[in-house]
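**Q** Here is a sequence together with a model predicted from it:
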Amino acid sequence: MIGSTGLAGCLSSINGSAGCARPATVEAKKADLTKSEAEEISPINFEQVTLEEQEILETAVEEGQYKRCLDDVEYTPEPLQRLRKRIGEHSQNMHVYLRYDESHYALALIIEDQVYAQFPG
């Protein structure tokens, strides 16, 4: 399993998903990286992900977060599964960055009670 941490019982306070038993949240915060920091990371490049993943990431960047309640589906939707896998491939100590429109964004991903990426610091 990709470095994940259980947070059973804490999710509604973390991502405001009270009333949703199976929440999924992707959050993005603009990262102010130095040139050397930017060279050391392996960011997800927005242009290289699927259109469905782009929609999720663009919402997270523009609105601060993308939220989806998975109560109405049996499995986590494919775009979120692909994004979870991609985040795992780019994760460095649970920290993941997105390169979007010439800027870097730190990403956080929580699906149900599992944390797959969190903001640094």
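**A** Noted; the coordinates are in hand.

**Q** Return the residues in contact with the nearest residue to K29 once chain neighbours are set aside.
**A** Among residues not flanking K29 along the chain, A106 sits closest, at 5.0 Å (CB to CB, 6 or more residues apart in numbering). Just so you know, the C-beta spots here come from the backbone N, C-alpha and C atoms, and that holds for glycine as well. Contacts of A106 were listed using CB atoms under 8 Å, 6 or more residues apart in numbering, and they are A28, K29, A31, H95, V96, Y97, F119, P120.

**Q** change it to 7 Å
**A** By CB atoms under 7 Å, 6 or more residues apart in numbering, the contact list for A106 reads K29, A31, H95, Y97, F119, P120.

**Q** Figure out the helix or strand that it lives in.
**A** Using DSSP states H and E, A106 falls within strand 103-111.

**Q** What mean pLDDT does the next helix or strand after that strand get?
**A** Using DSSP H and E, the helix or strand that follows strand 103-111 in sequence is strand 114-117. In this model, strand 114-117 has an average pLDDT of 95.
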